[in-house]
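Enquirer: Next one to model:
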Amino acid sequence: MNLIKRFWTALILLSLVFIVLFYGRAWVVFAFLQLVILGCLIEFYNLARRRKLHPRTGIGIALALFLGASFLFKGLPLALCLFAGLVLIGFDYVVLTRTVESAVRVTESISVTVFGAVYLGLTLNFFLPLREEFGVGFVLFLMAVIFLGDTGAFFVGKAIGRHRMTPIASPHKTWEGAVGGLITAGFSAWAAQAVFLPAADTLAAVGAGLAVSLVAQVSDPLESLFKRAAGVKDSSNLLPGHGGFLDRVDSLIFAAPFFYFVLRYLWKPVG
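Expert: Numbers count the residues shown, from 1 in each chain. I've put the predicted structure just below:
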């Protein structure tokens with residue numbers, strides 16, 4: 001039954017993603033990203049509350065939206081949005097902190113609130129310039145490398161994994177699985193380049209795929225570490241058979257901005 005749930009959930013999600021990527025205007029892609037970020041951020045703050053931390057969800061969402069706005073509106077600097085968000089957060093805490101008990105928690109509350117907003121609101125929004133500046137093919141390339149690489153790591157690790165890679169964050173991840181995932185990502189990059197980016201340089205695509213896979217293998221365990229700290233297996237149960245939004249995008253959180261910077265400053269496939 002779980003496999004059936006996973007299949008239908010994955011089919012619906014992937015169909016929605018493809019429709020938005022191929023047919024949505026920039027503001028539609030932006031709106032879709034904000035919904036994903038909103039879901040992830042709420043899950044992140046709920047994980048923090050399990051550890052008796054006290055993030056302020058509303059103000060964190062506001063900061064994440066401020067950061068996202070700089071990606072949609074070209075003339076709006078990211079630094080200005082970050083500064084405005086920090087001022088808003090400062091005002092919120094100064095006005096609403098009215099007891100000694102809440103004052104004691106201010107430092108940890110601000111820290112987890114700001115970190116969550118930046119961790120998700122800054123990173124995942126890079127999908128917008130990735131599509132707008134380089135095209136849908138590069139987004140599909142990234143997704144293929146990440147998801148197929150993760151699949152390869154899972155099966156190789158399950159078959160021959162012996163040496164644990166991140167025993168605290170993710171006990172089931174092994175060095176053998178990581179190597180298997182890296183090899184799978186390399187082959188996936190080669191295949192994805194042929195399908196989605198036929199005019200691109202194959203060697204550069206494989207190199208980018210390998211580099212992205214390495215970054216993803218940091219991004220994934222970091223999210224697992226948050227869940228481990230909270231004592232839960234999944235970030236939520238909102239997606240039947242798949243856990244939560246954070247569970248689905250964990251590898252992409254660092255991989256998306258990293259791939260954008262690779263394209264912008266190293267690969268430079270257009271322009």
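Enquirer: Quick one: the strands in the protein, in order.
Expert: Using DSSP state E, the strands of the chain run over residues 164-166, 170-174.
Enquirer: Would you mind putting the ones you listed into TSV with mean neighbour count alongside?
Expert: Placement of C-beta: from N, CA and C, glycine included. Below are those laid out as TSV (neighbours: other Cβ atoms under 10 Å):
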stretch	mean neighbour count
strand 164-166	19
strand 170-174	18
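Enquirer: Okay, now the unreliable bits of the chain?
Expert: By pLDDT under 70, the low-scoring segments of the chain are 1-3, 241, 270-271.
Enquirer: how does it look with 50?
Expert: Scanning the chain for pLDDT under 50 picks out 1.
Enquirer: in it, which spans are helices?
Expert: Remark: helices assigned in the chain by DSSP state H are 2-23, 26-50, 57-72, 78-96, 100-104, 106-121, 127-129, 136-160, 175-196, 202-230, 245-249, 252-262.
Enquirer: hmm, back to that, adding distance to Leu263, write the strands of the chain out as JSON lines.
Expert: Shown next, in JSON lines, are the strands of the chain (distance: least, Cβ to Cβ, whole Å):
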{"stretch": "strand 164-166", "distance to Leu263": "28"}
{"stretch": "strand 170-174", "distance to Leu263": "28"}
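Enquirer: Help me confirm that Gly60 comes into contact with Ala117.
Expert: Yes: under the criterion of Cβ atoms under 8 Å, Gly60 makes contact with Ala117 at 4.7 Å.
Enquirer: So for those two, which residues contact both of them?
Expert: Leu41 (Cβ atoms under 8 Å, 6 or more residues apart in numbering).
Enquirer: Tabulate the helices of the chain (a markdown table), appending mean neighbour count and distance to Pro269.
Expert: A markdown table is the format used below for the helices of the chain (neighbours: other Cβ atoms under 10 Å; distance: least, Cβ to Cβ, whole Å):
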| stretch | mean neighbour count | distance to Pro269 |
| --- | --- | --- |
| helix 2-23 | 12 | 18 |
| helix 26-50 | 19 | 20 |
| helix 57-72 | 20 | 20 |
| helix 78-96 | 14 | 24 |
| helix 100-104 | 10 | 51 |
| helix 106-121 | 20 | 27 |
| helix 127-129 | 22 | 14 |
| helix 136-160 | 21 | 8 |
| helix 175-196 | 20 | 10 |
| helix 202-230 | 20 | 7 |
| helix 245-249 | 23 | 24 |
| helix 252-262 | 22 | 10 |
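Enquirer: contacting residues around the nearest residue to Thr174 once chain neighbours are set aside?
Expert: Closest residue to Thr174 apart from its sequence neighbours, by Cβ to Cβ, 6 or more residues apart in numbering: Gly161 at 3.2 Å. Residues near Gly161 by Cβ under 8 Å, 6+ apart: 172, 174-177.
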